[in-house]
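Q: Got a predicted model here, sequence first, then my questions.
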Amino acid sequence: MFRSFFAGGEAVLEAAMSLRVSQFANSDAAGGASGAALRIHAGLMRLGVRSRLWVTRRESSEPHVELLDYTSFLRRRWRGVEQRCEEMLLRSAKEGAEDTLSTGFFGYDPVPAVRSDESDVVQLHWIGAMTMALGRLRCMGKPIVWRLPDMWAFTGVEHYTGDDRRFRDGYSESNRPRGESGFDISRFAWMFKKRVYGRIKSLTLVSPSEWLAGCVRESALLGGREVVVIKTGCDTQLFRPLDRTTCRELLGLPQDRRLILVTAAHLRHPRKGVDLFFDAIRFLRESLDNTSFSVVLLGADQGELGAGMGVPVHSMGFVEDALHRCLIYNAADLVVAPSRQENLANTVLEALSCGTPCAAFRVGGMPDAIEHRSNGWLAEPFSIENLAEGMQWVLDHAKPEDLRHAARRKVEGEFTIEMQAKQFLELYKRLC
């Protein structure tokens with residue numbers, strides 16, 4: 001079955017099957033960066049690569065996924081000490097922080113796993129939150145490929161920087177953000193990363209989006225390293241177009257309204273911009289009858305979100321099951337991803353793969369997947385009026401099936417698991 005993925009024949013197949021890859025991620029869960037790591041692992045195995053994915057939290061039943069764990073009593077106790085140190089160091093930085101913070105000082109030692117796998121290449125994914133001790137990377141002795149799910153590899157402790165541009169100029173005492181005081185943990189972590197990276201001979205960065213690749217090239221820390229863009233793979237067999245009427249019936253959603261879906265793992269996270277979405281809904285109410293559309297919420301932290309908007313709101317909660325999410329995407333007429341800063345949301349790719357057009361601000365990696373006025377709408381950051389205009393443009397489109405076909409074609413043409421795996425394989429072969 002592997003030959004169907006190759007145009008190059010048995011020589012390429014033989015090269016793939018001789019490669020051993022050790023991959024490291026925080027988790028193998030279905031969503032976000034963890035889900036991306038699992039899809040890459042599965043795609044490489046389908047190509048014949050001997051891949052092993054090491055995680056700190058195992059949730060799937062995929063083969064060759066191993067748990068990084070401290071087996072002895074003393075090592076478990078030491079893990080607890082590390083966690084307390086991490087919390088203490090990040091205490092001041094967490095005041096007012098909106099995103100995850102990680103120092104990179106503590107975590108599991110990946111070297112024994114790499115040695116036991118007899119790896120040719122080491123592949124990193126999301127390794128924050130004490131997944132891995134970054135200092136051990138210099139002891140790998142193998143080419144390292146790091147797929148960047150966010151900005152953390154070239155910042156201090158932040159995974160997304162917002163308006164802070166220290167990653168471009170370097171973290172110095174003179175450019176510390178106003179209002180911060182005390183020990184500058186971000187600067188200390190950045191200098192630590194600089195020392196570690198300086199001792200790594202072969203480090204290649206992989207970006208899922210053109211935006212993040214540009215950030216890497218501009219960064220003071222990794223600007224001199226090679227960065228390659230490999231687009232995120234989406235499971236197009238699982239996330240596929242289904243009958244909308246049937247999906248709504250199964251989900252208990254109204255058949256007589258146009259449904260606008262907004263989704264994020266944590267809907268109240270400021271970076272996800274759901275507040276901007278509801279501001280746009282207020283504008284939309286001025287041009288569309290309130291009885292013609294409803295809002296659907298998919299994600300955690302919903303609470304009373306959307307209360308008092310004068311528009312029906314259907315809360316689906318946090319849905320981890322992929323097939324359930326597929327039904328929700330297919331039930332919607334439009335998916336809105338109003339993030340203020342984003343690499344490229346998996347939810348956008350999944351929705352487009354289901355044939356559902358998307359609207360977002362023209363930020364981060366969104367333009368890589370959403371083609372303006374083709375399979376959705378890219379609003380000017382952060383224009384509420386323009387986002388509302390785009391939502392109405394999609395809902396009132398004269399040929400909605402054209403939008404749905406364009407959405408599906410975009411993912412099938414650029415974002416499949418097979419395409420992603422083959423590009424990683426070619427990169428590994430070149431590095432080895």
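A: Yep, it's here. Quantities reported herein were computed from a predicted structural model and do not represent experimental measurements.

Q: Any idea how many residues pack against Asp84?
A: Small correction: residue 84 is Arg, not Asp. Residues within reach of Arg84, counting by other Cβ atoms under 10 Å, total 10. Bear in mind the C-beta positions are built from the backbone N, C-alpha and C, glycine included.

Q: so which strand or helix has it?
A: Assigned by DSSP states H and E, Arg84 falls within helix 73-90.

Q: List the buried residues of the helix or strand just after that helix.
A: Downstream of helix 73-90, the first helix or strand assigned by DSSP H and E is helix 111-117. Neighbour-count burial for helix 111-117, with 16 or more other Cβ atoms under 10 Å as criterion, is recorded at 111, 113-114, 117.

Q: other SSEs contacting the very next helix or strand once past helix 111-117?
A: Moving toward the C-terminus from helix 111-117, the next helix or strand (DSSP H and E) is strand 121-124. Contact here means 3 or more Cβ pairs under 8 Å, 6 or more residues apart in numbering; DSSP states H and E; on that basis strand 121-124 packs against strand 20-27, strand 144-147, helix 417-431.

Q: if you set the cut-off to 7 Å instead, what comes out?
A: strand 20-27, strand 144-147 (3 or more Cβ pairs under 7 Å, 6 or more residues apart in numbering; DSSP states H and E).

Q: How about the last one, which residues are buried there?
A: Within strand 144-147, the residues that qualify as buried are 144-147, counting by 16+ other Cβ under 10 Å.

Q: and what of stretch 405-418?
A: Neighbour counts over stretch 405-418 (16+ other Cβ under 10 Å) mark 406-408, 410-411, 414-417 as buried.

Q: and those residues as CSV, adding distance to Leu242?
A: Listed next are those as CSV, based on distance: Cβ to Cβ, whole Å:
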residue, distance to Leu242
Ala406, 18
Ala407, 14
Arg408, 12
Lys410, 18
Val411, 15
Glu414, 22
Phe415, 19
Thr416, 19
Ile417, 20
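
Q: that older thread, what's in contact with the helix holding Arg84?
A: The contact list for helix 73-90 (Cβ atoms under 7 Å, 6 or more residues apart in numbering) reads 70, 101, 103, 106, 130, 157, 185.

Q: and with 6 Å instead?
A: 70, 101, 103, 106, 130, 185 (Cβ atoms under 6 Å, 6 or more residues apart in numbering).

Q: and it, average pLDDT?
A: On average, the pLDDT along helix 73-90 is 88.

Q: what comes up buried for that helix?
A: By neighbour count with 16+ other Cβ under 10 Å, helix 73-90 contains the buried residues 82, 86, 89-90.

Q: Kindly report the same for stretch 381-389.
A: 381-382, 384, 386-389.

Q: Just send those residues back as CSV, with secondary structure too.
A: Output for the buried residues of stretch 381-389, formatted as CSV (DSSP: H, G, I helix; E, B strand; the rest coil):
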residue, secondary structure
Pro381, coil
Phe382, coil
Ile384, helix
Asn386, helix
Leu387, helix
Ala388, helix
Glu389, helix
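
Q: Looking at the residues you listed, which is nearest Phe278?
A: Ile384 (9.6 Å; Cβ to Cβ).

Q: Need the three-state assignment for the closest residue to the closest one other than its chain neighbours.
A: Nearest non-adjacent residue to Ile384, counting by Cβ to Cβ, 6 or more residues apart in numbering: Asp279, 4.6 Å away. Three-state assignment for Asp279 (three-state DSSP): helix.

Q: can you give me phi and psi for Ser315?
A: Here is the backbone geometry of Ser315 (degrees, to the nearest 10): phi -100, psi 120.

Q: Over to Leu148?
A: phi -90, psi 110.

Q: And it, how far from Val296?
A: Leu148 sits 31 Å away from Val296, going by Cβ to Cβ, to the nearest Å.

Q: what's Lys194 in contact with, if anything?
A: Residues near Lys194 by Cβ under 6 Å, 6+ apart: Leu221.

Q: Against Val216, how distant is it?
A: Lys194 is 15 Å from Val216, by Cβ to Cβ.

Q: so Gln23 makes contact with Leu53?
A: Yes. Contact status for Gln23 versus Leu53: in contact at 4.6 Å, counting by Cβ atoms under 6 Å.

Q: okay, and the common contacts of those two?
A: Both Gln23 and Leu53 are in contact with His41, where contact means Cβ under 6 Å, 6+ apart.

Q: All the strands of this protein, residue numbers only.
A: Secondary structure of the chain (DSSP state E): strands located at 20-27, 50-57, 65-67, 121-124, 144-147, 203-207, 227-229, 258-266, 293-300, 313-315, 334-337, 358-361, 376-379.

Q: what comes up buried for the fourth one?
A: It refers to strand 121-124. Across strand 121-124, burial judged by 16+ other Cβ under 10 Å covers 121-124.

Q: give me every residue that touches Thr246.
A: Counting by Cβ under 6 Å, 6+ apart, there are no residues that Thr246 touches.

Q: Ok, Gln302 next?
A: Counted by Cβ under 6 Å, 6+ apart, Gln302 has contacts 267, 315.

Q: mind redoing it with 10 Å?
A: Applying Cβ atoms under 10 Å, 6 or more residues apart in numbering to Gln302 gives the contacts 266-268, 274, 313, 315-318.

Q: nearest to Gly35, of these?
A: Among the contacts of Gln302, and counting by Cβ to Cβ, the member closest to Gly35 is Phe318, at 14.2 Å.

Q: and the end-to-end length of stretch 304-324?
A: Taking Cα to Cα, to the nearest Å, stretch 304-324 runs 23 Å from one end to the other.

Q: buried residues in that stretch?
A: Buried, per 16+ other Cβ under 10 Å, within stretch 304-324: 305-306, 311, 313-314, 316, 319.

Q: again, but for stretch 417-432
A: Across stretch 417-432, burial judged by 16+ other Cβ under 10 Å covers 417, 419-425, 427-428.

Q: same thing with stretch 150-166?
A: 150-161, 164, 166.

Q: Select from those every entry located in helices.
A: If you go by DSSP state H, these have Arg166 in helices.

Q: Using pLDDT, spot the least trustworthy of the buried residues of stretch 150-166.
A: Asp164 (88).

Q: what about that residue, distance to Ala265?
A: Distance, Asp164 to Ala265, using Cβ to Cβ: 23 Å.
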